[in-house]
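Peer 1: model the structure of this input:
(one chain, ligands or ions: 1)
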Amino acid sequence: MGDQLAIHGGEPVAKEPFPSTNLGPSAIGDEEIQAVTDVLRSRNVFRFTNREQSRCAELERLFSRMTGCPYALAVGGGTGALIAGLVGIGVGEGDEVIVPGYTYIASASAALIVGALPVIAEIDETLTLDPNDIERNITSRTRAIMPVHMRGIPCDMDPILRIARAHGLKVIEDTSQACGGSYKGRRLGALGDAGTFSFQQSKVMTAGEGGMLVTHDRHVFERAAIRHDSAMCYWDPENTTVQPFPGENFRMNELEGALGCVQFARVETILARTRALQQRIREGIDGLPGITLHQPPDPEGDCGITLTMFFATSDKAREFAEIIRAEGIPAGSMYDQGIPDRHVYCYWEYVMQKLSGDRHGWPWTSPRHDQNRTYSADMCPRTLDILGRAVVLPISQTFEDRHAEMMVEGVRKVAMALAT
Ligand SMILES: *Cc1c(COP(=O)(O)O)cnc(C)c1O
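Peer 2: Just a heads-up that it's a prediction; the model follows:
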């Protein structure tokens, strides 16, 4: 009865739309409204006016405690956190930063903004930076590696850190999509020289906008703090040991700080639920013909906010995604020629074409850079192959148990139909 595919006129598995897959933003409730309203009533929205009661400072303490990093800096966004972090670890003009071919374009953009060039390396089937493709990309100009914990998946940090140490490179972890995740018992963001978070709407927790930088190194923190605020050395001269230099304004405001503090308190609950749902779905669809399930480098540290299925070819993945969406199950392809997804390097047009806002083409044209460095859409074929064969199931704490059951039923139905 229920075997006929919806795409062929059968009953869809899900007869009503799934709930929102937004994580933090879906959880916004009275506590957030109260916290933000309290800031407004205090008539103080700037973090440095009343430092003792600053909600931004409180959010920094929460991230310090979570990650075990003594230094945390709240900033205006995830990209700003990366820029401040890169400046913090000493990346600048003439340097190269190794970034994975699968990450949001802002990871590469941050390197360019500080004058460095992004060097694009392959991902592997974890969907994160392939440790085996790092050394091929190291040159005399390489200064840092930027592993990105995509879609809540922890990168395989041990080999990455080993390679970094062997070559004297810094590591900055882009943890924008994996707040609360961990690797072998250590919180993501705390494993390298600097770690960054984003509180934009589509992340695990939100502050409207906003970001966080964490580090174990006071020097990195101070440099990042100066970069994030052109007046930093005047706010806190007795606590600044590094020489001042021009900064900009990536400051977080108290409205964001207050919202962030309440949302932070929800992260563990959100992830406990997404992890339980992911486990149920994984068990329910394990071993189906034609589907290989994603294996995170550390299953316990995975945020559980996605579950990816791999197919033998990109055609099979595309067909599967199309059919299962007709069943009412949210599922996305990761790389589809024609859909310009800015998470896939070949759609980073200002990197591919070396574009700049500067009329002299800086930093691409800087004589400190290798002028022979080229970029092309086919430079990381394995990344495109892996993403092309992937179909991702988004998982949110807004799902009820029956939504997990429907996902399982939908995947089984489509897999069995395609297998015969
Ligand atoms: C969201 C995101 C960023 C940028 O964060 P913003 O807060 O939007 O500036 C950077 N890197 C990754 C991997 C992201 O997902």
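
Peer 1: count of neighbours near residue 65?
Peer 2: Using other CB atoms under 10 Å, the number of residues around residue 65 comes to 11. Just so you know, the C-beta spots here come from the backbone N, C-alpha and C atoms, and that holds for glycine as well.

Peer 1: part of a helix, is residue 411?
Peer 2: Yes. According to DSSP: H, G, I helix; E, B strand; the rest coil, the state of residue 411 is that of a helix.

Peer 1: tell me the contacts of it?
Peer 2: Contact analysis of residue 411 by CB atoms under 8 Å, 6 or more residues apart in numbering lists 281, 284-285, 288, 291, 309, 324, 329, 393.

Peer 1: counting neighbours, which of those residues comes out on top?
Peer 2: residue 324 (27 neighbours).

Peer 1: let me see the contact set for that one.
Peer 2: Residue 324 neighbours (CB under 8 Å, 6+ apart): 331, 391, 410-411, 414.

Peer 1: JSON lines for the residues you listed, including distance to the ligand?
Peer 2: Formatted as JSON lines, these follow (distance: CB to the nearest ligand atom, whole Å):
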{"residue": "331", "distance to the ligand": "20"}
{"residue": "391", "distance to the ligand": "20"}
{"residue": "410", "distance to the ligand": "27"}
{"residue": "411", "distance to the ligand": "26"}
{"residue": "414", "distance to the ligand": "29"}
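
Peer 1: how about the residues of this structure near the ligand?
Peer 2: Proximity of the chain to the ligand (CB under 6 Å from any ligand atom) is limited to residues 77-79, 103-104, 106-107, 148, 174, 176-177, 198, 200, 211.

Peer 1: can you tell me the SS state at residue 66?
Peer 2: helix.

Peer 1: could you check how far it is from residue 273?
Peer 2: 18 Å (CB to CB, to the nearest Å).

Peer 1: tell me which of those two has more neighbours.
Peer 2: Higher neighbour count among residue 66 and residue 273: residue 66, with 20 against 17, using other CB under 10 Å.

Peer 1: ranges for the strands of the stretch 101-250 of the chain?
Peer 2: Remark: strands assigned in the stretch 101-250 of the chain by DSSP state E, counting those that start in this stretch are 117-121, 142-145, 170-174, 182-183, 186-187, 194-198, 211-215.

Peer 1: about what we covered before: need the residues of the chain next to the ligand in a markdown table (columns: distance to residue 90, pLDDT and neighbour count).
Peer 2: Putting the residues of the chain next to the ligand into a markdown table (distance: CB to CB, whole Å; pLDDT from 0 to 100; neighbours: other CB atoms under 10 Å) gives the following:
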| residue | distance to residue 90 | pLDDT | neighbour count |
| --- | --- | --- | --- |
| 77 | 22 | 98 | 21 |
| 78 | 20 | 98 | 27 |
| 79 | 19 | 98 | 24 |
| 103 | 22 | 98 | 27 |
| 104 | 23 | 97 | 22 |
| 106 | 20 | 98 | 22 |
| 107 | 18 | 98 | 27 |
| 148 | 20 | 98 | 26 |
| 174 | 17 | 98 | 33 |
| 176 | 22 | 98 | 29 |
| 177 | 25 | 98 | 25 |
| 198 | 22 | 98 | 29 |
| 200 | 27 | 98 | 19 |
| 211 | 20 | 98 | 31 |
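
Peer 1: got the domain ranges for the protein?
Peer 2: Split into domains by automatic domain parsing, the chain comes to 30-266+341-378, 267-338+383-419.

Peer 1: report the distance from the last one to the chain centre.
Peer 2: Remark: domain 267-338+383-419 is offset 18 Å from the chain centroid, using CA atoms, centre = their mean, to the nearest Å.
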